[in-house]
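Peer 1: show me how the following folds:
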Amino acid sequence: MFSFHSKTGASDFLGLRRGRSGEAEIVYDDGAARRMVWRVTSAGCDESSLRDAMERAVSRPRVVAALFAELSTRAITLEVVSH
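Peer 2: As a prediction, the model looks like this:
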């Protein structure tokens with residue numbers, strides 16, 4: 001899959017992986033205290049849309065808020081795996 005690290009000086013990380021049953025999962029880690037995982041629930045969602053949304057989000061100061069805004073723009077839905 002793929003991953004991105006913030007270039008703004010923060011330790012933010014976003015990555016896309018496959019879960020145990022093969023579904024796409026987005027992982028966020030702030031490098032200090034927060035690690036969150038979401039499962040992509042949108043049928044027919046392609047990796048290029050996810051890649052673009054994640055790459056744009058990780059370059060913003062508020063990565064998680066930017067990620068949800070980018071995914072919403074593309075009508076990509078998620079469910080929480082862990083917070």
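Peer 1: can you list contacts of stretch 51-60?
Peer 2: If you take C-beta atoms under 8 Å, 6 or more residues apart in numbering as the criterion, stretch 51-60 is touched by 2, 4-8, 12-14, 16, 26, 63-64, 66-67, 69-71, 73-74, 76. All C-beta spots, glycine's among them, are computed from the backbone N, C-alpha and C.
Peer 1: give me the subset of those lying in helices.
Peer 2: 63-64, 66-67, 69-71, 73 (DSSP state H).
Peer 1: tell me the bridge partners for Phe2.
Peer 2: Leu16 (DSSP bridges).
Peer 1: so it makes contact with Gly15?
Peer 2: Yes - if you go by C-beta atoms under 8 Å, Phe2 and Gly15 touch, sitting 7.0 Å apart.
Peer 1: the more surrounded of these two?
Peer 2: Taking other C-beta atoms under 10 Å, Phe2 and Gly15 do not tie; Gly15 has more neighbours (17 against 12).
Peer 1: hmm, Arg35 and that one touching each other?
Peer 2: No - applying C-beta under 8 Å as the test, Gly15 and Arg35 come out as separate, 10.9 Å apart.
Peer 1: so what sits against both of these two?
Peer 2: Shared between the contact lists of Gly15 and Arg35 (criterion: C-beta under 8 Å, 6+ apart) are residues Val27.
Peer 1: let me see the ranges of the strands in this protein.
Peer 2: With strands called from DSSP state E, the chain shows them at 2-5, 13-18, 24-29, 35-40, 78-82.
Peer 1: any buried residues in the least confident helix or strand in the chain by mean pLDDT, and which?
Peer 2: Every helix and strand in the chain was compared by mean pLDDT, DSSP states H and E; the lowest is strand 2-5, with a mean of 91. The neighbour-count check on strand 2-5 (16 or more other C-beta atoms under 10 Å) flags Phe4 as buried.
Peer 1: thinking again about what came up before, His83: which of the ones in helices among the contacts of stretch 51-60 is nearest?
Peer 2: Within the ones in helices among the contacts of stretch 51-60, the smallest distance to His83 is 10.8 Å, found for Val64 (C-beta to C-beta).
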